[in-house]
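Student: would you be able to build a 3D model of this:
(2 chains)
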Amino acid sequence: MDKQQAQRKNSKMVVKLMAIVLGMFGFGFALVPLYDVLCDALGINGKTSEVAAVYESVEVDTSRLITVDFITRINTGMPWEFKAKTRQVKVHPGEMSQVNFYVRNPTKSLIVGQAVPSVSPGPAALYMNKTECFCFEQQTLQAGEEVLMPMKFYVDPQLPKNITYFTVQYTLYNVTASAEVVAMN
Amino acid sequence: MTATTNDTHHDGPHDEEHHEHHIPTGIKRWLYTTNHKDIGTLYLWFAFIMFLTGGAMAMVIRAELFQPGLQIVEPNFFNQMTTVHGLIMVFGAVMPAFTGLANWLIPMMIGAPDMALPRMNNWSFWILPFAFAILLSSLFMEGGGPAFGWTFYAPLSTTYSNDGTALFVFAVHIMGASSIMGAINVIVTIWNMRAPGMTWMKMPLFVWTWLITAFLLIAVMPVLAGAVTMVLTDKFFGTSFFDAAGGGDPVMFQHIFWFFGHPEVYIMILPAFGIISQIIPTFARKRLFGYASMVYATASIALLSFIVWAHHMFTTGMPVAAELFFMFATMLISVPTGVKVFNWVATMWRGSMTFEVPMLFALAFIVLFTIGGLSGLMLAITPVDFQYHDTYFVVAHFHYVLVTGAIFSIMAAVYYWLPKWTGKMFDIGLAKWHFWCSLISVNVLFFPMHFVGLAGMPRRIPDYALQFADFNKWISIGGFAFGLSQLIFLALLIKACKKKGEPVSDQVWEGAEGLEWEIPSPAPYHTFETPPEVK
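Tutor: Reported below is the predicted structural model:
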């Protein structure tokens, strides 16, 4: 085999290997949506759906009573006060109910907040259907402003029989900086 | 393996007049070189300098931990030391050393005149010093270097890091590019340039293990590049890959990182397996036991390495089913690894063993790597890992597999092939001092870490509870002794590079077999310009 032939063979192989490299670089980023899809499908990280559920022809299962706890947490760097007005509700699966959360911006400047829900135990997250939630969008509070934020939900009657009690936690993040970036763009 | 060159004299002294190469002299020779032997030498020296640099940082760490309380450095600087020590040892010492050995040895072992892509080879080396200059310079800048651990978990590396993170990201990108180019070169060389008759199952195991390692590299280094890019955009450009407030997830960082990180572990140990499989048969004077099973074991370790990553994250609150899956998958790896250890032992069984310096390091490797493997098996057990997670037990585990594993194998390799490279036997007295001092001190250094880890001492802390004081004093003494022992190695290498010592034969070691032992010692600048016939 002469030199040119050998070089052609080598370059062909380099092209193929570079394709693997680029493919794997893409795969690294593909892991991001893949991770979300897997977590949604298996309900394994306690994330609830980010879109509002529709309450339509849901049968109420009066044979069971589910206890739902609501707790709140403020992330580091977030100066707001954040409380669950209703700490606990007992609901039948399929029954609509509403709970309220209180927030106040005690600072002297405008702050944008984002609440992120998390359900424990994780598998219950798949059955926590929210028709209305402050966590679907960012909250902007002027200096000193206080608001009562509603959240409407029902527990899917398909909820596995072994789950009788679950906790919904909202963590409030200060997203003022990134909201500004988005606004600028 | 039996192999002969058809005209060995071709590579002899009149090689130079035959080709009339104008080799540039001085620094230009090294800057412009495309010769696999020159580049191999550059890689090896670079790795050794990085080994000493990262080692100096380990000395700072051990000096601070010599007694409880804060004596020498600030906690933030301590964190920079643990972080940069890890990065330098992984990306600057172990990986370039293996690439250097690959450059020197693969063409000579498969009967090729050079690497397939010599110009890219020059590039892949010469971008490395820039990467590490960037990383090291960040230590001297305002705010200091990276302090979030070599694993750069978000949000430590995003929300809570300083602006120097951009330099860290850029340095990792360059290191990754260098590794990827090196790996592509290795694959193309092995695939296309084997001498006639050098069939797949006749390839020396060092070549086999490097081929598989190179595939691991091109599969996972791009994922690391992706991970650091996400950290960069999260920190500076307002994305939220790992920020829960923006819909991201910090736990996902760990999944992406360890999807790279676990195969990376095998990138650092598979070539070591290859080296040990070359050395043990030579000094046992027997053929390697179970050659084919060694090849298959290496391949199955590489494949399994892609499905075990989450054993680094047992405590992140994964579902039980996932914890069990990753536990069993991890334990499964000990089967092919066990095959290798038993094959090495079986090779020595009833062999005519002698204990030259490379063999001493290889034997130490087998025993001490197995200790590291066993502590790894303990860590694989999910409920047990909940206790061991982030303690010094983990530190003990990965230093046994990386220092007495990967680094001992590199030292074994250097002692084994150094006479072939220089044509002179190294200073055996110094080498034995180096071996025994290293062997004793490395165990004083790392073995007590198991105990303090089991007792609950967390890793990555500059201060600790009083009850760990005695063990830590011993660990630090072992650390200083191990650090000093490497200066013996430095002295030996300088002496060897000055070409002092007894001239050696072509075969060098009595039981050595393979194409590289059939060319003259020292290996001529150009070898196998006419491919040898392998029978």
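
Student: from now on I want contacts and neighbour counts done on CA atoms only, so please keep to that.
Tutor: Fine.

Student: low-confidence regions, chain A specifically.
Tutor: Residues of chain A that meet the criterion pLDDT under 70 lie in A:1, A:43, A:45, A:180-185.

Student: tell me how many other residues crowd the nearest residue to residue B:530 once chain neighbours are set aside.
Tutor: Nearest residue to residue B:530, sequence neighbours excluded (C-alpha to C-alpha, 6 or more residues apart in numbering or on different chains): residue B:113, at 7.6 Å. For residue B:113, the tally of surrounding residues (other C-alpha atoms under 10 Å in any protein chain shown) stands at 20.

Student: how about the host helix or strand of residue B:471: buried residues?
Tutor: Residue B:471 is located in helix B:469-497, with elements delineated by DSSP states H and E. Across helix B:469-497, burial judged by 16 or more other C-alpha atoms under 10 Å in any protein chain shown covers B:469, B:471-486, B:488-489, B:492-493, B:496.

Student: same question for stretch A:23-41.
Tutor: Neighbour-count burial for stretch A:23-41 flags A:24, A:25, A:27, A:28, A:29, A:31, A:32, A:36, A:40 (criterion: 16+ other C-alpha under 10 Å).

Student: just stretch B:230-239 next, same as before
Tutor: So for stretch B:230-239, counting by 16+ other C-alpha under 10 Å, buried means B:230, B:231, B:232, B:234, B:235, B:238, B:239.

Student: could you pull up the residues touching the residue nearest to residue B:530?
Tutor: Going by C-alpha atoms under 8 Å, 6 or more residues apart in numbering or on different chains, residue B:113 touches B:107, B:526, B:527, B:528, B:529, B:530, B:531.

Student: again with residue B:429
Tutor: By C-alpha under 8 Å, 6+ apart, no residues touch residue B:429.

Student: what's the helix or strand for it?
Tutor: Residue B:429 belongs to helix B:428-454, assigned by DSSP H and E.

Student: name the nearest residue to the spatially most central residue of chain A, sequence neighbours excluded.
Tutor: Nearest to the centroid of the C-alpha atoms of chain A, with distances taken as C-alpha atoms, centre = their mean, sits residue A:47, at 4.7 Å. Spatially, and ignoring its direct neighbours in sequence, residue A:47 is nearest to residue A:118 (5.3 Å; C-alpha to C-alpha, 6+ apart).

Student: any idea how far the helix or strand hosting the one you found is from the middle of the chain?
Tutor: Assigned by DSSP H and E, residue A:118 belongs to strand A:111-120. Computed by C-alpha atoms, centre = their mean, to the nearest Å, the chain-centroid distance of strand A:111-120 equals 8 Å.

Student: which stretches of chain A form helices?
Tutor: A:3-42, A:176-184 (DSSP state H).

Student: of the ones you listed, which is nearest chain B?
Tutor: helix A:3-42 (4.5 Å; C-alpha to the nearest C-alpha).

Student: what angle sits between the helix holding residue B:471 and helix B:428-454?
Tutor: 150 degrees (axes from the mean of the first three to the mean of the last three C-alpha atoms, to 10 degrees).

Student: show me what helix B:469-497 is packed against.
Tutor: Using 3 or more C-alpha pairs under 8 Å, 6 or more residues apart in numbering or on different chains; DSSP states H and E, the elements in contact with helix B:469-497 are helix B:36-64, helix B:428-454.

Student: please identify the deepest-packed of those helices.
Tutor: Of the helices and strands packed on helix B:469-497, the one with the most neighbours on average (mean count of other C-alpha atoms under 10 Å in any protein chain shown) is helix B:36-64, at a mean of 21.

Student: how many neighbours does residue 174 have?
Tutor: Because you didn't say which chain, this covers chain A. If we define neighbours as other C-alpha under 10 Å, then residue A:174 has 22 of them.

Student: my question was about chain B, not that one.
Tutor: Other residues near residue B:174 number 20, with proximity taken as other C-alpha under 10 Å.

Student: which residues of chain B lie near chain A?
Tutor: Neighbours of chain A within chain B, by C-alpha under 8 Å from any C-alpha of the partner chain: B:116, B:180, B:184, B:188, B:192, B:218-220, B:222-227, B:238, B:241, B:244-247, B:252, B:256, B:318-319.

Student: just the ones of those residues in helices?
Tutor: Per DSSP H, the residues of chain B next to chain A map to helices at B:180, B:184, B:188, B:192, B:218-220, B:222-227, B:252, B:256.

Student: let me know the closest of those residues to residue B:134.
Tutor: Closest approach to residue B:134 among those (C-alpha to C-alpha): residue B:225, at 16.5 Å.

Student: count of neighbours near residue B:326?
Tutor: 23.

Student: what's the closest non-adjacent residue to it?
Tutor: Closest to residue B:326 by C-alpha to C-alpha, 6+ apart is residue B:308, at 5.3 Å.

Student: now the stretch 301-450 of chain B against chain A: closest residue?
Tutor: For the stretch 301-450 of chain B, C-alpha to the nearest C-alpha, closest residue to chain A: residue B:319, 6.6 Å.

Student: per-domain residue ranges of chain A.
Tutor: A:1-42, A:66-184 (automatic domain parsing).

Student: tell me which of these sits nearest to residue B:281.
Tutor: domain A:1-42 (33.4 Å).

Student: one step back: which of the ones in helices among the residues of chain B next to chain A count as buried?
Tutor: In these, the ones that pass as buried (16+ other C-alpha under 10 Å) are B:180, B:184, B:188, B:218-220, B:222-227, B:252, B:256.

Student: make CSV out of those residues and add distance to residue B:344.
Tutor: Formatted as CSV, those follow (distance: C-alpha to C-alpha, whole Å):
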residue, distance to residue B:344
B:180, 31
B:184, 30
B:188, 29
B:218, 29
B:219, 29
B:220, 29
B:222, 34
B:223, 34
B:224, 33
B:225, 36
B:226, 38
B:227, 38
B:252, 40
B:256, 35
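
Student: and the furthest pair within those residues?
Tutor: Spanning the widest gap among these are B:188 and B:252, at 34.2 Å by C-alpha to C-alpha.

Student: among the domains of chain A, which is the most enclosed?
Tutor: Of all the domains of chain A, domain A:66-184 has the most neighbours on average by mean count of other C-alpha under 10 Å, namely a mean of 17.

Student: what about it, distance to the chain center?
Tutor: Remark: domain A:66-184 is offset 10 Å from the chain centroid, using C-alpha atoms, centre = their mean.

Student: and for stretch B:330-348?
Tutor: Relative to its chain's centre, stretch B:330-348 lies at 20 Å (C-alpha atoms, centre = their mean).

Student: if we ignore the residues flanking it in sequence, what's nearest residue B:336?
Tutor: The shortest distance from residue B:336 to any residue other than its chain neighbours is 4.7 Å, reached at residue B:297 (C-alpha to C-alpha, 6+ apart).

Student: what residues sit buried inside the helix or strand hosting the one you found?
Tutor: For residue B:297, the element it lies in under DSSP H and E is helix B:291-304. Within helix B:291-304, the residues that qualify as buried by neighbour count (16+ other C-alpha under 10 Å) are B:291, B:294, B:295, B:297, B:298, B:299, B:301, B:302, B:304.

Student: re the thing from before, tilt between the helix holding residue B:429 and helix B:36-64?
Tutor: Interaxial angle of helix B:428-454 relative to helix B:36-64 (the same axes, to 10 degrees): 50 degrees.

Student: residues from chain A in reach of chain B?
Tutor: Residues of chain A lying near chain B (C-alpha under 8 Å from any C-alpha): A:6, A:9-10, A:13-14, A:17, A:20-22, A:24-29, A:31-32, A:35, A:44-45, A:114-116, A:172-175, A:178, A:181.

Student: buried residues, stretch B:382-393. List them.
Tutor: Neighbour counts over stretch B:382-393 (16+ other C-alpha under 10 Å) mark B:382, B:385, B:387, B:388, B:389, B:390, B:391, B:392, B:393 as buried.
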